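Trainee: Everything below, folded, please.
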Amino acid sequence: IRALLDENGVAIQVGAYAGAFADGELELIPDSSLQADRVVALPRLRGAPIDGLPQTVYGFIPVDAHCRVHGVSDVLAAGDITSFTVKQGGIAAQQADVAATAIAADAGADVVPTRFQPVLRGLLLTGREPRYLRRELAFEPEHGRHIGDQRLIVRACAQAGQKLFTARHVQRFEVGHLDG
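Mentor: Numbering: from 1, shown residues only. Just a heads-up that it's a prediction; the model follows:
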(Lines give C-alpha, C1' and ligand atoms only; values in the text may rest on other atoms or scores of the structure.)
Protein backbone atom coordinates (compact mmCIF):
# COMPACT_ATOMS: atom_id res chain seq x y z
CA ILE A 1 0.00 0.00 0.00
CA ARG A 2 2.91 2.34 0.74
CA ALA A 3 4.12 2.08 -2.89
CA LEU A 4 0.59 2.76 -4.16
CA LEU A 5 0.32 5.88 -2.00
CA ASP A 6 3.76 7.09 -3.12
CA GLU A 7 2.88 6.58 -6.81
CA ASN A 8 -0.19 8.79 -6.37
CA GLY A 9 1.49 11.60 -4.45
CA VAL A 10 0.01 10.72 -1.08
CA ALA A 11 2.19 11.32 1.96
CA ILE A 12 1.34 10.42 5.54
CA GLN A 13 2.37 12.46 8.54
CA VAL A 14 1.77 11.03 12.02
CA GLY A 15 1.94 12.58 15.45
CA ALA A 16 0.18 15.80 14.44
CA TYR A 17 -3.31 17.20 14.02
CA ALA A 18 -4.77 20.25 12.32
CA GLY A 19 -4.79 23.48 14.30
CA ALA A 20 -5.78 26.39 12.05
CA PHE A 21 -5.83 27.18 8.33
CA ALA A 22 -5.14 30.65 6.94
CA ASP A 23 -3.50 32.11 3.83
CA GLY A 24 -2.76 28.69 2.35
CA GLU A 25 -0.99 27.38 5.43
CA LEU A 26 -2.24 24.57 7.65
CA GLU A 27 -0.91 24.79 11.19
CA LEU A 28 -0.05 21.37 12.62
CA ILE A 29 -0.04 20.71 16.32
CA PRO A 30 2.40 20.31 18.02
CA ASP A 31 4.96 22.28 15.98
CA SER A 32 4.88 22.42 12.18
CA SER A 33 2.84 23.56 9.19
CA LEU A 34 2.08 22.61 5.59
CA GLN A 35 1.17 24.62 2.50
CA ALA A 36 -2.31 23.76 1.22
CA ASP A 37 -4.82 24.95 -1.37
CA ARG A 38 -7.72 23.31 0.47
CA VAL A 39 -8.34 21.72 3.85
CA VAL A 40 -11.10 19.28 4.73
CA ALA A 41 -11.86 19.01 8.45
CA LEU A 42 -14.09 16.41 10.06
CA PRO A 43 -16.06 17.11 13.23
CA ARG A 44 -15.11 15.66 16.60
CA LEU A 45 -17.57 12.91 17.43
CA ARG A 46 -19.74 13.31 20.51
CA GLY A 47 -22.47 11.07 21.89
CA ALA A 48 -25.87 12.42 22.89
CA PRO A 49 -26.58 12.59 26.64
CA ILE A 50 -28.68 9.68 27.91
CA ASP A 51 -30.11 10.04 31.42
CA GLY A 52 -29.27 7.20 33.79
CA LEU A 53 -26.33 5.77 31.85
CA PRO A 54 -22.65 6.38 32.48
CA GLN A 55 -20.93 8.28 29.67
CA THR A 56 -17.42 9.45 28.91
CA VAL A 57 -16.52 13.12 28.72
CA TYR A 58 -17.42 12.98 25.01
CA GLY A 59 -20.76 11.28 25.67
CA PHE A 60 -19.93 7.68 24.77
CA ILE A 61 -21.08 4.71 26.83
CA PRO A 62 -18.36 2.46 28.31
CA VAL A 63 -18.99 -1.26 27.84
CA ASP A 64 -17.19 -4.43 28.83
CA ALA A 65 -16.12 -7.26 26.52
CA HIS A 66 -19.73 -8.58 26.46
CA CYS A 67 -21.16 -5.11 25.60
CA ARG A 68 -22.65 -4.69 29.09
CA VAL A 69 -22.77 -1.06 30.18
CA HIS A 70 -20.41 -0.37 33.08
CA GLY A 71 -22.18 -0.02 36.42
CA VAL A 72 -25.72 -0.69 35.15
CA SER A 73 -27.33 -4.11 35.38
CA ASP A 74 -29.26 -5.57 32.45
CA VAL A 75 -28.21 -2.83 30.00
CA LEU A 76 -26.14 -3.54 26.92
CA ALA A 77 -24.95 -1.17 24.21
CA ALA A 78 -23.55 -1.60 20.71
CA GLY A 79 -22.49 0.63 17.87
CA ASP A 80 -21.31 4.20 17.62
CA ILE A 81 -22.63 5.23 21.05
CA THR A 82 -20.12 2.94 22.78
CA SER A 83 -16.74 4.26 23.83
CA PHE A 84 -14.92 1.93 21.44
CA THR A 85 -12.91 4.31 19.29
CA VAL A 86 -13.60 2.85 15.87
CA LYS A 87 -16.98 3.96 14.52
CA GLN A 88 -17.83 1.69 11.58
CA GLY A 89 -20.86 -0.39 10.59
CA GLY A 90 -19.00 -3.71 10.61
CA ILE A 91 -17.74 -3.05 14.14
CA ALA A 92 -21.26 -2.09 15.27
CA ALA A 93 -22.62 -5.34 13.81
CA GLN A 94 -19.96 -7.34 15.67
CA GLN A 95 -20.92 -5.60 18.92
CA ALA A 96 -24.61 -6.33 18.24
CA ASP A 97 -23.78 -10.03 17.78
CA VAL A 98 -21.93 -10.05 21.11
CA ALA A 99 -24.82 -8.28 22.85
CA ALA A 100 -27.34 -10.69 21.31
CA THR A 101 -25.50 -13.76 22.62
CA ALA A 102 -25.32 -12.16 26.09
CA ILE A 103 -29.06 -11.45 26.04
CA ALA A 104 -29.83 -14.98 24.81
CA ALA A 105 -27.64 -16.53 27.52
CA ASP A 106 -29.31 -14.35 30.18
CA ALA A 107 -32.71 -15.52 28.90
CA GLY A 108 -31.69 -19.15 29.35
CA ALA A 109 -30.72 -20.09 25.80
CA ASP A 110 -28.09 -22.78 25.45
CA VAL A 111 -25.39 -20.40 24.17
CA VAL A 112 -22.07 -19.23 25.52
CA PRO A 113 -21.77 -15.44 25.50
CA THR A 114 -19.02 -14.34 23.14
CA ARG A 115 -16.46 -11.64 23.82
CA PHE A 116 -16.08 -8.57 21.62
CA GLN A 117 -13.02 -9.23 19.45
CA PRO A 118 -13.21 -6.45 16.84
CA VAL A 119 -12.04 -7.04 13.29
CA LEU A 120 -11.98 -4.08 10.92
CA ARG A 121 -12.43 -4.92 7.25
CA GLY A 122 -12.25 -2.64 4.25
CA LEU A 123 -11.95 -2.51 0.51
CA LEU A 124 -9.38 -0.17 -1.00
CA LEU A 125 -10.19 0.74 -4.60
CA THR A 126 -6.87 1.49 -6.26
CA GLY A 127 -7.72 1.98 -9.92
CA ARG A 128 -6.12 -1.42 -10.47
CA GLU A 129 -6.83 -4.54 -8.49
CA PRO A 130 -8.91 -3.87 -5.36
CA ARG A 131 -7.15 -4.48 -2.03
CA TYR A 132 -9.05 -6.28 0.70
CA LEU A 133 -7.90 -5.04 4.09
CA ARG A 134 -8.38 -6.79 7.43
CA ARG A 135 -7.10 -5.90 10.88
CA GLU A 136 -7.85 -7.40 14.28
CA LEU A 137 -8.08 -4.60 16.82
CA ALA A 138 -7.18 -4.80 20.49
CA PHE A 139 -9.86 -3.94 23.04
CA GLU A 140 -9.43 -2.89 26.67
CA PRO A 141 -12.72 -3.89 28.32
CA GLU A 142 -12.05 -1.87 31.45
CA HIS A 143 -11.78 1.30 29.36
CA GLY A 144 -13.97 0.30 26.43
CA ARG A 145 -11.54 1.69 23.90
CA HIS A 146 -9.17 0.70 21.13
CA ILE A 147 -5.46 0.59 22.01
CA GLY A 148 -3.06 2.87 20.19
CA ASP A 149 -5.14 5.78 18.93
CA GLN A 150 -3.20 8.28 16.89
CA ARG A 151 -3.97 11.46 15.03
CA LEU A 152 -2.95 11.31 11.43
CA ILE A 153 -2.76 13.84 8.68
CA VAL A 154 -2.94 12.60 5.14
CA ARG A 155 -1.71 14.82 2.34
CA ALA A 156 -2.98 14.05 -1.12
CA CYS A 157 -2.03 15.90 -4.26
CA ALA A 158 -4.92 16.15 -6.69
CA GLN A 159 -4.34 15.52 -10.39
CA ALA A 160 -4.87 19.21 -11.10
CA GLY A 161 -1.76 20.05 -9.07
CA GLN A 162 -3.68 21.25 -6.05
CA LYS A 163 -2.85 20.04 -2.59
CA LEU A 164 -5.64 18.63 -0.49
CA PHE A 165 -5.21 17.96 3.20
CA THR A 166 -7.52 15.99 5.43
CA ALA A 167 -7.27 15.61 9.17
CA ARG A 168 -9.05 12.66 10.63
CA HIS A 169 -8.93 10.51 13.71
CA VAL A 170 -7.78 7.12 12.43
CA GLN A 171 -6.33 4.02 13.94
CA ARG A 172 -2.85 2.61 14.39
CA PHE A 173 -3.26 -0.21 11.87
CA GLU A 174 -3.37 2.33 9.04
CA VAL A 175 0.04 3.67 10.02
CA GLY A 176 1.79 0.46 11.00
CA HIS A 177 0.81 -1.77 8.09
CA LEU A 178 1.12 0.30 4.93
CA ASP A 179 3.12 -2.42 3.17
CA GLY A 180 0.41 -5.05 3.62
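
Trainee: any idea how far the top helix by length along the chain is from the chain center?
Mentor: Counting by DSSP state H, the longest helix found in the chain is helix 89-106. Mean-position distance between helix 89-106 and its chain equals 19 Å (C-alpha atoms, centre = their mean, to the nearest Å).

Trainee: ok, L5 - how many residues close by?
Mentor: 15 (other C-beta atoms under 10 Å). For the C-beta atoms, the positions are set from N, CA and C on the backbone; glycine is no exception.

Trainee: Counting by contacts, list what the helix or strand following the longest helix of the chain packs against.
Mentor: Downstream of helix 89-106, the first helix or strand assigned by DSSP states H and E is strand 119-124. Secondary-structure packing of strand 119-124 (3 or more C-beta pairs under 8 Å, 6 or more residues apart in numbering; DSSP states H and E): helix 89-106, strand 131-136.

Trainee: run the last query once more with 10 Å
Mentor: Counting contacts by 3 or more C-beta pairs under 10 Å, 6 or more residues apart in numbering; DSSP states H and E, strand 119-124 packs against helix 89-106, strand 131-136, helix 172-176.

Trainee: Reformat the ones you listed as TSV; add distance to V69.
Mentor: Shown next, in TSV, are the helices and strands packed on strand 119-124 (distance: least, C-beta to C-beta, whole Å):
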stretch	distance to V69
helix 89-106	10
strand 131-136	24
helix 172-176	26
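
Trainee: If I average pLDDT within each of those, which one is lowest?
Mentor: Per-stretch mean pLDDT for the helices and strands packed on strand 119-124 is lowest at helix 172-176 (a mean of 30).

Trainee: Which of the helices or strands spans the residue nearest in space to the middle of the chain?
Mentor: Nearest to the geometric centre of the chain sits V86, at 3.0 Å (C-alpha atoms, centre = their mean). Under DSSP H and E, no helix or strand contains V86.

Trainee: In the chain, where is pLDDT below threshold?
Mentor: Residues of the chain meeting the criterion pLDDT under 70: 13, 140-180.

Trainee: Tell me the backbone dihedrals of the residue sitting furthest away from the middle of the chain, please.
Mentor: Distance from the centre of the chain peaks at G108, with 34.5 Å (C-alpha atoms, centre = their mean). Main-chain torsions, G108, degrees, to the nearest 10: phi 100, psi 0.

Trainee: Lovely, talk soon.
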